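Enquirer: Any chance you can model this:
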Amino acid sequence: MTSRLVAGLLAVASAAGIVVGTWLAGGMPSASALLPYILVSLMLPGVGWLLAYRRPEVRYGWVLLAAGLSLGVGMLGTGLTASGAPAGLLDYVKSVALALFYGLTWIYVPLLFPDGRLPSRRWRAVPWIAGIAIAAHGIGTAKAGLDPYDSTAQVDLVAALVGGAGQFVTWIIAGIVFWGLVLRWRRSERPERAQYACMVAGVAATVAGGVLTVLFIFGLGTPLLTGVAGLALVGSLPAAIGVAIVRHRLLDIRFGIRGSRLHLVFDVRPTVGEVLSDLGTALEDTPEPVEQLGRLAAAVRAGLELRWAAVTLADGTRVVSGRAEGPAALTMPVRGGLGHIECGPRDAGPLTGQDRRLLEALAVPAGLAIQSAGLVTRLVNAQEAERRRIERNIHDGVQQQLVALIAGIELARATGAGADMLAHLREQARQTLADLRELAAGIHPSSLSQGGLVEAVEERCSRLPVRTTVTSAPALRSRRFTDEIEGAMYFTVSEAVANALKHAEAAAIEVRLSQADGRLTAAVADDGKGFDASLTRRRGLATLSDRLDALGGGLSVGSEPGKGTRVNAWVPVDE
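Expert: Residues are numbered from 1 along each chain as shown. Sure, this is the predicted structure:
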């Protein structure tokens, strides 16, 4: 919103300077004769406003506005001087403004065309050299007093040399930039070739107008030819950009006619910022992961005007917006190997470099949405698997023991059992209670709630049938963390030592708990047979890895055949 306001203010200021300055310079009787010049000059801030308003990220829209403002200031200074205003400061302002106008239109606009970026890194020095040359031209000319319409002007020789050198360098750089523009035009592919052709013609006409204007200053040329040169000087460049917009969809800004009643349409594709803003709002309002992927695919389709777009996850899950027909015209991988975005053909014309840049911008929130969807799905699956495990353990273990205990009690009541049978039933009840405690420990052990992480890990490892050592800093024993952090780290250690017993055939296990640099770390190492970590899925640890990821932490597994296994887990904590 701020950029649009600034663009509007610059355009209005430019137009006011051009109109008032031209009217003052020409005088009231001849103001109507200068109307064509005024209208053509207003194209410059008009086209600049259009680009800056709808494509604020494209820098040469702002350059056109700056050129229009420079022209307005220069014309206003000329008009005030012609109407009798004292010179001095006006001469400085007028000279610098017009020098800036020439430099911006001859160098910066063609240099940044068509996407607002330099053609390559080799051109990075050109804007700086051009800026110095333009400043030297404007300031030196003003200081020297080189006013072609004032025969009494005093000439400062040093300033004249500085201004002349600046002007000469400006012309040289303009020629280099123009030649580079021609080369890019010759090497470009459709549809950018037509856009480049418009800019080449516009710059050529602008420079030709400038040359003819200089010749008129030195007494060469006719008034009619000079008038045409003035129109070419101020209007060729915005006219060329306008043609590229209307005929060749420059920056996807379109004008057309729609409907049976021939309504004039001013239609533009959303900017990158608008697409990202709308997508962010849509993702916030959509809690379901799969629906988020659908919103993402719809945003890509709308932003690029595609017939269809699809988001595909690494596990093969695919969500399509539109009707997918035929091969994808463009595929963009999402960072981290989480999936990719597929783009079908456009409704009109092929995909351009601007489309690829928009898709690259969308790949960032796409990666976040895909990662969120995958993480939520894995956590849901893990919760379901844990629920089934608890249900299975209750059914196969404690439930059967309780059934047997009830049957024994009924038998004892019916037969008047003696002390031996009652003692047996009591022992059976104690075993059932122990099994219930063991089952509850698998959900959330009481030692973890009461004593903290170190005590719970020590209790867990004390019951293992192999030699197990637990090492931790003394200060960590009394330190408490949130339930989520303590639970995640405890169950990670439990799963790691269980794997060491079941699969590694380990004879010794070492557990280390530490806290440093804002991290709580748990490391479990064994001397077992090891395995090839690149070929083996982590299974149970994968669920715990997702749990740690949700807390901002991570998990890594290192192992080699015959060299044991080491599991490292960490979560961020406050110091």
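Enquirer: The closest residue to Ala328 other than its chain neighbours bridge partners, please.
Expert: Spatial nearest neighbour of Ala328, excluding adjacent residues (CB to CB, 6 or more residues apart in numbering): Glu342 at 4.1 Å. Where you see a C-beta, it was placed from the backbone N, CA and C, and this is true even at glycine. Assessed by DSSP bridges, Glu342 has beta-bridge partners Ala310, Thr331.
Enquirer: Can you give me the distance of Glu342 to Gly316?
Expert: According to CB to CB, to the nearest Å, Glu342 stands 13 Å off from Gly316.
Enquirer: So the two - more neighbours on which side?
Expert: It is Glu342, of Glu342 and Gly316, that has more neighbours when counted by other CB atoms under 10 Å, with 22 against 7.
Enquirer: Pull the contacting residues for that one.
Expert: Residues near Glu342 by CB atoms under 8 Å, 6 or more residues apart in numbering: Ala309, Ala310, Val311, Thr312, Ala324, Ala328, Leu330, Thr331.
Enquirer: Near the nearest residue to Glu486 once chain neighbours are set aside, how many other residues are there?
Expert: Spatial nearest neighbour of Glu486, chain neighbours left out: Leu453 (4.8 Å); criterion: CB to CB, 6+ apart. A count of nearby residues for Leu453, using other CB under 10 Å, gives 24.
Enquirer: Find the centremost residue of the protein, please.
Expert: By CA atoms, centre = their mean, the chain has its centre lying nearest to Ala361, at 4.2 Å.
Enquirer: Which helix or which strand is home to that residue?
Expert: Assigned by DSSP states H and E, Ala361 belongs to helix 353-393.
Enquirer: So for that helix, mean pLDDT?
Expert: What helix 353-393 shows for mean pLDDT is 66.
Enquirer: got it, and stretch 465-478?
Expert: 86.
Enquirer: Any chance you could list what contacts that stretch?
Expert: Counting by CB under 8 Å, 6+ apart, 452-455, 457-458, 461-462, 497, 501, 506-515 sit against stretch 465-478.
Enquirer: Now, of these, which are buried?
Expert: 452-455, 457-458, 461, 497, 501, 506, 509-511, 513, 515 (16 or more other CB atoms under 10 Å).
Enquirer: residues touching the residue lying closest to Ala324 once chain neighbours are set aside, list them.
Expert: Spatially, and ignoring its direct neighbours in sequence, Ala324 is nearest to Trp308 (4.7 Å; CB to CB, 6+ apart). With contact set as CB under 8 Å, 6+ apart, Trp308 has these partners: Arg301, Val320, Ser321, Gly322, Arg323, Ala324, Glu325, Gly344.
Enquirer: For those, which entry has the maximal number of neighbours?
Expert: Neighbour max across those (other CB under 10 Å) = Gly344, 25 neighbours.
Enquirer: just to revisit the earlier point, distance to Ala229 added to the contacts of Trp308, as JSON lines?
Expert: As requested, the contacts of Trp308 are exported to JSON lines (distance: CB to CB, whole Å):
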{"residue": "Arg301", "distance to Ala229": "48"}
{"residue": "Val320", "distance to Ala229": "57"}
{"residue": "Ser321", "distance to Ala229": "53"}
{"residue": "Gly322", "distance to Ala229": "52"}
{"residue": "Arg323", "distance to Ala229": "55"}
{"residue": "Ala324", "distance to Ala229": "56"}
{"residue": "Glu325", "distance to Ala229": "54"}
{"residue": "Gly344", "distance to Ala229": "49"}
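Enquirer: Correct me if wrong: Ala194 contacts Val243.
Expert: No. When contacts are counted by CB atoms under 8 Å, Ala194 is not listed as touching Val243 (9.3 Å).
Enquirer: Using the record's domain definitions, break this structure down for me.
Expert: Domains of the chain are assigned by automatic domain parsing as 1-85, 89-181, 188-259, 272-373, 380-442, 451-572.
Enquirer: Pick out the shakiest of those, pLDDT-wise.
Expert: The minimum mean pLDDT among these belongs to domain 380-442 (a mean of 65).
Enquirer: just checking, next helix/strand downstream of the helix or strand that contains Ala160?
Expert: Using DSSP H and E, Ala160 maps to helix 157-187. Heading C-terminal from helix 157-187, the first helix or strand you meet, by DSSP H and E, is helix 192-217.
Enquirer: Which other helices and strands does whichever helix or strand comes after that next one contact?
Expert: Sequence order places helix 223-248 as the next helix or strand after helix 192-217, per DSSP H and E. Helix 223-248 sits against helix 35-54, helix 59-82, helix 192-217, strand 253-258, with contacts defined as 3 or more CB pairs under 8 Å, 6 or more residues apart in numbering; DSSP states H and E.
Enquirer: Outside of the helix or strand that the second one is followed by itself, list whatever touches it.
Expert: The C-terminal neighbour of helix 59-82 among helices and strands, as given by DSSP H and E, is helix 89-103. Among residues not part of helix 89-103, those counted as contacts by CB under 8 Å, 6+ apart are 66-67, 70-71, 73-74, 77-78, 80-81, 130-131, 133-135, 137-139, 141-143, 145, 147, 166-167, 170, 174, 210.
Enquirer: now helix 89-103, how far from the centre of its chain.
Expert: Relative to its chain's centre, helix 89-103 lies at 39 Å (CA atoms, centre = their mean, to the nearest Å).
Enquirer: in that helix, what's buried?
Expert: 90-103.
Enquirer: Following the chain past that helix, name the next helix or strand.
Expert: Defined by DSSP H and E, the subsequent element after helix 89-103 is helix 109-112.
Enquirer: If you count neighbours, what's buried in that following helix?
Expert: Val109, Pro110, Leu111, Leu112.
Enquirer: Closest to Leu448 out of those?
Expert: Using CB to CB, Leu112 comes nearest to Leu448 of these, at 61.7 Å.
Enquirer: Next, the contact list for the closest one, please.
Expert: Val58, Arg59, Tyr60, Val63, Leu118.
Enquirer: before we move on, back to that, by contact count, what packs against the helix holding Ala160?
Expert: helix 89-103, helix 109-112, helix 125-144, helix 192-217.
Enquirer: chain center to it, what's the gap?
Expert: With CA atoms, centre = their mean, you get 36 Å for helix 157-187.
Enquirer: got the angle for it vs helix 125-144?
Expert: Put simply, helix 157-187 runs at 150 degrees to helix 125-144, going by axes from the mean of the first three to the mean of the last three CA atoms, to 10 degrees.
Enquirer: you'd agree Trp570 is in a helix?
Expert: No. Applying DSSP: H, G, I helix; E, B strand; the rest coil, one finds Trp570 to be strand, outside a helix.
Enquirer: mind checking how far it is from Gly552?
Expert: 10 Å.
Enquirer: Between the two, point out the one with more neighbours.
Expert: Between Trp570 and Gly552, counted using other CB under 10 Å, the more crowded position is Trp570 (23 against 11).
Enquirer: For Arg512, see how far away that one is.
Expert: From Trp570 over to Arg512 (counting by CB to CB), the distance is 12 Å.
Enquirer: shared neighbours of the two, anything?
Expert: Joint contacts of Trp570 and Arg512 (CB under 8 Å, 6+ apart) are Thr521, Ala522.
Enquirer: Could you check how far the nearest residue to Phe481 once chain neighbours are set aside is from Gly163?
Expert: Spatial nearest neighbour of Phe481, excluding adjacent residues (CB to CB, 6+ apart): Val573 at 6.0 Å. According to CB to CB, Val573 stands 66 Å off from Gly163.
Enquirer: Same question for Leu464.
Expert: 88 Å.
Enquirer: More neighbours: which of these two?
Expert: Gly163 (23 against 14).
Enquirer: Which residues are in contact with the nearest residue to the more buried one once chain neighbours are set aside?
Expert: Distances taken as CB to CB, 6+ apart put Gly140 closest to Gly163, at 2.8 Å, once the chain neighbours are dropped. For Gly140, the contacting residues are Ala159, Ala160, Leu161, Val162, Gly163, Gly164, Ala165, Gly166, by CB under 8 Å, 6+ apart.
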